[in-house]
Structures are given as C-alpha cells and as structure tokens.
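the following block contains a protein sequence and its predicted model.
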Amino acid sequence: MEKELTQKGPVLDKKGRPIPGFSRRSTLEYRRSAIKAPPWRIKEWDFYQISNANLCLQMTIGHAAYAGQVSLMLFDFIKGEKYLDVCYTLPLIFGRLHMPENAERDNTLSWSNGGFAMRFEAAGDARTLTCRRAAAKGEPELEARIRLVRKNPDSLVINLPFDEYAHAFYYNQKINCMTAEGTVRSGERTWTFDAADSFGILDWGRGVWPFHNEWYWSNGAGYLDGELFGFNLGCGFGNTDTASENMLFYKGRSHKLGKVDFTLGREYMDPWRLTDREGRLDLKLTPTYDRTTKIKLLWVDNCTHQMFGAFEGHAVLDDGTRLEVKNVLSFAEHAVNNW
C-alpha cells in the first residue's frame, strides 16, 4: 500500500536504508553524507525540459560519480529536426559538481570550462537557466536564457527502495506545470519560448541503484478549457509498492494515482497507451518523433527512446471529476540502462 510522507525526516535511516513513500513537497532531507553505498555508485542530476507546440529544449547537469555530463539539446519534434546538441563528458567527477541537496530551496548549480558555461538558479517560485558557449573551431556562439515560474505548490516526490540490496534507493522530485519563457540563440538563428504556451519540467534525481535498470516515464502539461493540467506517470523502476510516481495536477492541486501500465505496439512509433489499474486514467500517445539516445562506453550501455506527440483520452480527479484530455503535446519514454 502506498504511504504518503507528511512528517519531516531523513531520506535514509541510520543504517543507510531508504524510508520509502511519496510526498507532495520536499518533506524528506537528502544528505549525501548519509549514503552507505560505495561513492562510485552515487548518481545525481538536475534535468530541465522546456517545450511548446513544436520545440523542445533539454538542459542537464549531473553525474554517475565516475563520470559527469553537462548538456544542451534543442529539437523540433513535429519536423523531426535536431538543431543543437552540445554535450561535455566529465571523467571521474565524483562529488565535484556540488549538486544541491534540496530541489525546492534557493540554490545555484553551475559548471564552466572557460569557453562553455551552464547555470541553474532557483529563487522562490522562479528558476533561471542560462548557457553560453563562445564561438570556436567552426561552431557559432551559443546563448540560452530561460525563466521558469512554478504554478503548482505540489509536486511529485518519491523515495523508492530496490529489492536487489538494502542500501539502494531513488529519491526523486518532479516539478512540472511551470510556465517557461526565453530564447536560445546560435549564430544568426533564434528560437523563442513564450510563457503563454511553453512549459517546463524539472526532473531532480538522487540515489544509488542496481547496475541494470529499466523504466517507463511520461510527464506533460497543457491547458484544458483554459485551466492548467499536468501529469507525471511512470513504472518499472524500483519497488513501487509504497510509492508510485503517478500524479495528476489540475487548478493548482495534486491528485494521486496508483500504479500505471504502459502498453506499446510492435514499433516505438506506434501509439502508446497509458492506463491505471483503478479506471481513473486512459491516455493514448500518438508519436511524431523518436528522440533516441544511446551511450556505449566500457561497461556503460544505455538506450532511451523518448517519444514526443499528442496525448488524448481522459483522467479522473480525486473527487470523481472526469477531465477530457485533448491534444496535450508532450512525451513518454522507455529506458534500458546498464551503468
């Protein structure tokens, strides 16, 4: 049975084992120093995604202890065209990125190497993302500045154990339904995000988990009859008996769902169906673009298919209100990782 965590406390007990459950705020306190697993098993990331009716911008600072990544990607998921793909791999980074230990408190996360710099700054309900790259070696100057404003006080927070070993855990917060505005400029081209129809997601993850893992995840936001609606859905990762990552957001309130199943066709570009087990959710994703990422280096072997397109269907709130979901543009993904 799922357990909602409403009292302040640590993510890990004194023996380094996770205290499982879900919350709607940063109720538990994450402390890197409390982790009992080997330091090379720790993974931490801040991943932001900003999208509108056709554009998607992704910015990441994170690490898997022995390697870090700072990246920016911009693409059009209607045309299936990638505009920017900048990625820096940071070997043997371990704790040198100084990742924040709380997703909601004011903080600044940054990295630079002289010619390239990325910075995430959180202050109150606003977040400012910036990235700059100097022109060099045939690459044009790059500059991005995005401002996100949080519209929901609630978010989806989970603390999951793994059956494989006691010190494995996944502490994750998804903040979505943020409005987004700003620009990305590369050379003579400029792409614009308008707060009227652009949304941002923060995927904030900290944890230690088994070498092999697999998950399904979907997150989206849009307007239904003028009211802001959003969702976070997922399955397949960790032991979700006490905390699934399934939640709806509508008119500033959160509505918890139980376990959700992802049903795929023979090909990734076939329609996806996302349904819960209590009859409260039935969404169909019709993909237009498969953003596939593959990493194979030494023992690392990761592959993710992130499918963008339109969601249609219905969702039922806690009070029984049925929402008809129409043309909400977002994504669902399937990841298989060895890292």
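Received it, and whenever you're ready, just let me know what you need.

okay, and the beta partners of Leu228?
Leu228 forms beta bridges with Tyr223, as assigned by DSSP bridges.

need the pLDDT of it.
Listed pLDDT for Leu228 reads 97.

swap in Trp299?
Here, the pLDDT recorded for Trp299 equals 65.

mind telling me which residue is nearest the centre of this protein?
For the chain, the residue nearest the mean C-alpha position is Asp203 (2.9 Å; C-alpha atoms, centre = their mean).

what secondary structure does it sit in?
strand (DSSP: H, G, I helix; E, B strand; the rest coil).

which residue, other than its chain neighbours, is closest to Arg280?
Excluding its sequence neighbours, the residue lying closest to Arg280 (C-beta to C-beta, 6 or more residues apart in numbering) is Val316, at 4.0 Å. C-beta: built from backbone N, CA, C; applies to glycine.

is that neighbour bridged to anything, and to what?
Beta-bridge pairing for Val316 (DSSP bridges): Arg322.

how confident was the prediction at Ile175?
You'll see Ile175 listed with a pLDDT of 98.

what's the spacing between it and Thr27?
Remark: distance between Ile175 and Thr27 (C-beta to C-beta, to the nearest Å) = 14 Å.

which helix or strand contains the nearest residue to the residue nearest to the centre of the chain once chain neighbours are set aside?
The spatial neighbour of Asp203 that comes closest, neighbours along the chain excluded (C-beta to C-beta, 6+ apart), is Phe47 at 4.2 Å. Assigned by DSSP states H and E, Phe47 falls within strand 42-51.

now do Leu72
strand 67-76.

what does that strand rub up against?
With contacts defined as C-beta atoms under 8 Å, 6 or more residues apart in numbering, strand 67-76 is touched by 54-63, 81-93, 96-97, 111, 116, 118, 131, 142, 144, 184, 191, 289, 291, 300.

with stretch 161-174 instead?
Residues from elsewhere that reach stretch 161-174 (C-beta under 8 Å, 6+ apart): 11-12, 15-18, 20, 26, 28, 30, 35-37, 103-104, 155-160, 201-210, 219, 232, 237-239, 242, 245.

just the C-alphas of it, formatted as CSV.
Presented in CSV, the C-alpha positions along stretch 161-174 are these (Å, rounded to 0.1, in the frame of the first residue of the first chain):
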residue,chain,number,x,y,z
PRO,A,161,13.8,1.1,-2.3
PHE,A,162,15.2,-1.7,-4.5
ASP,A,163,14.8,-5.4,-3.8
GLU,A,164,18.3,-6.1,-5.0
TYR,A,165,20.1,-4.6,-2.0
ALA,A,166,19.3,-2.7,1.2
HIS,A,167,21.4,0.5,0.5
ALA,A,168,20.0,1.2,-2.9
PHE,A,169,17.4,4.0,-3.2
TYR,A,170,15.9,6.5,-5.6
TYR,A,171,14.9,9.9,-4.2
ASN,A,172,13.3,11.9,-7.0
GLN,A,173,11.2,15.1,-7.4
LYS,A,174,9.3,16.0,-10.5
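
what's across from Asn172 in the sheet?
Applying DSSP bridges to Asn172 gives these bridge partners: Ile158, Gly205.

strands of the stretch 201-339 of the chain, residue ranges please.
With strands called from DSSP state E, counting those that start in this stretch, the stretch 201-339 of the chain shows them at 212-224, 227-235, 247-250, 253-256, 260-263, 272-276, 281-297, 300-316, 322-338.
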